[in-house]
Every structure is written in structure tokens, then in C-alpha cells.
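Participant: I would like to see how this sequence folds:
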Amino acid sequence: MRDGDKEVAALAALAEVVAGMTVGLGTGSTAAFFAAHLGKRVRAGLSVTAVATSLATEQAARAAGIPVIAFEDIATVDLTVDGADEFDDRLFAIKGAGGAMLREKIVAAASRRMIVIADGSKHRAAIGRAPVPVEILPFAREFVTAELRAIGAGPVLRMAEGAYYRSDQGNLIADCAFASLPDPVAMAAALSAIPGILGHGLFLTEVDTIYSADGGVVTRLDR
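Facilitator: The predicted structure follows:
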């Protein structure tokens, strides 16, 4: 049922796409539903262009027939649609399980509007249950992980096939499991202040609208 709810939420967001837009495509299983349905609209004649937040998303978008342009060549995006690991009614979200939160945050910041789509299991009274991913410059690995431990982040470096996982930028990712996250704004500032951290998965100001589906029923939250 979760996949069904992801698809329902994706279709709700798709209704906001109009001809001529540049659309930011997120990364992850829920965002993949949006890209697949956008591809159907494009093949049916909708004229849009897209920017991708990961190499995997770019490949999927091109395979779906969506024209993809390089983000580095543009300054603004009309609408970005992406998933989340969890969210709350403040429109605070944690993202990055797919390893693309740095690019996702950059594209979100460039967007006139950002929509998060999710199934209802991602809704929390307050974010903080999901780990907060942090992207780390490899040069600063041990320094940063020590700093993260000092602020109670409980960092675990992400692994893949027996080696450190690498983001599309070639950086490391530490998943930070906080015992509690009573003040996400203060924690975001603390993470951003550590030299060697290039980005983190706390999305506190970027999200404008959330479409959440539970049992096929869509709930919309607006900032």
C-alpha cells in the first residue's frame, strides 16, 4: 500500500506542472513515481524541461523521455518535487537516505516552489526519528566525525560493498542518529558550522507544500 500512496501523492504534485516549466526532479522511490508520470505527460505532448538531483534520477528521466538540462547552466527552477524520509506539520523534513541531499538542497534553494511528496508513514509529530545524513569532505573524515560525536550526533559512516559510500560528488556520508532533536533549527546551524561538512539533510525552510497520501487519501500542507 505504501507504493500506492507514494504514487497518489506524486499524481497530486503532478497537477501543479504546467507547460514551459523547468522542473526539479528529486531522488528516491517516491520521487521516481513523479518522474515516471511526468514522462508520460511529456510523451503525450507536455513541453517541459527538467534538472536532476542525482545521476540516477537523470538517467531515469532521460529513459522516460523527459528533456534534461544541466543545472549548472541555469539560476532558477520553477518547481521541484522530491520525497522525504520524514516530515512534520511545521514543514520541517529530513532527507538524504538516497544520498543526494546536497544536490537536492541546492536545487530546492534555486526553486520558486518546492513540493515534498510522501506516504503517510513519513509523517511525524516532530521530525527526529530518522537519521540525519551529513555529507563530508573525505579530507575531513575523522575531524568531522569527532565533532559530530561531540554534539551527540552518533555518526555512522555509510558503507557500500565493503567500502565507504560515495555521493555523486565523491564525498562521504555519515548518518547521524540523534537521541532527540528538540531544536532542529539550532542543530542545522551547528552542523553547518563544522568545517568539512558540505551539507546535511535537515530541510527546514525549503519546503513550500507537502502532499501526503494515506490509504489513497491525500492531505496537503502549506507553509
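Participant: Where is the longest helix in this structure?
Facilitator: Here the longest helix in the chain is taken by residue count, with DSSP state H as the criterion, and it is helix 29-43.
Participant: what does it rub up against?
Facilitator: 3, 6-7, 9-11, 13-14, 17, 23, 25-26, 46, 48, 50, 57, 60-61, 63-67, 81-83, 117-119 (CB atoms under 8 Å, 6 or more residues apart in numbering). C-beta coordinates here come from the backbone N, C-alpha and C atoms, glycine included.
Participant: Narrow these to just the buried residues.
Facilitator: When neighbours are counted using 16 or more other CB atoms under 10 Å, the contacts of helix 29-43 contain these buried positions: 6-7, 9-11, 13-14, 17, 23, 25-26, 46, 48, 50, 57, 60-61, 64, 66, 81-83, 117-119.
Participant: after the longest helix of the chain, next one along is what?
Facilitator: Taking DSSP states H and E as the definition, the helix or strand that follows helix 29-43 towards the C-terminus is strand 49-52.
Participant: Please enumerate residues in contact with the very next helix or strand once past that following strand?
Facilitator: Scanning the chain past strand 49-52 towards its C-terminal end, the next helix or strand to appear is helix 55-63 (assignment: DSSP H and E). By CB under 8 Å, 6+ apart, the residues outside helix 55-63 that reach it are 25-27, 31-32, 35-36, 39, 50, 52, 68, 100, 168.
Participant: Quickly list the domain ranges of this structure.
Facilitator: For the chain, the domain assignment from automatic domain parsing gives the residue ranges 2-124+204-214, 132-200.
Participant: quick one: contacts for residue 218?
Facilitator: Counted by CB under 8 Å, 6+ apart, residue 218 has contacts 8, 9, 12, 211, 212.
Participant: let me fix that: residue 166
Facilitator: Applying CB under 8 Å, 6+ apart, one finds that residue 166 lies in contact with 160, 172.
Participant: Who are the packing partners of the longest strand along the chain?
Facilitator: In the chain, with assignment by DSSP state E, the single longest strand is strand 111-119. Applying 3 or more CB pairs under 8 Å, 6 or more residues apart in numbering; DSSP states H and E, we find strand 111-119 packed against helix 2-14, helix 29-43, strand 77-82, strand 209-214.
Participant: Quick check: what element follows the helix or strand residue 173 falls within along the chain?
Facilitator: Taking DSSP H and E as the criterion, residue 173 maps to strand 172-176. Going down the chain from strand 172-176, the next helix or strand is helix 184-192, by DSSP H and E.
Participant: about what we covered before: average pLDDT for the strand holding residue 173?
Facilitator: Confidence for strand 172-176, expressed as mean pLDDT, is 98.
Participant: deepest of the domains of the chain, which one?
Facilitator: Greatest average neighbour count among the domains of the chain goes to domain 2-124+204-214 (a mean of 20), per mean count of other CB atoms under 10 Å.
Participant: circling back: ok and the strand holding residue 173 relative to helix 184-192, angle-wise?
Facilitator: If you take axes from the mean of the first three to the mean of the last three CA atoms, to 10 degrees, strand 172-176 sits at 150 degrees to helix 184-192.
Participant: Could you spell out the sheet neighbours of strand 172-176, each with its direction?
Facilitator: Partner strands for strand 172-176, per DSSP bridges, with pairing direction: strand 132-136 (antiparallel), strand 155-157 (antiparallel).
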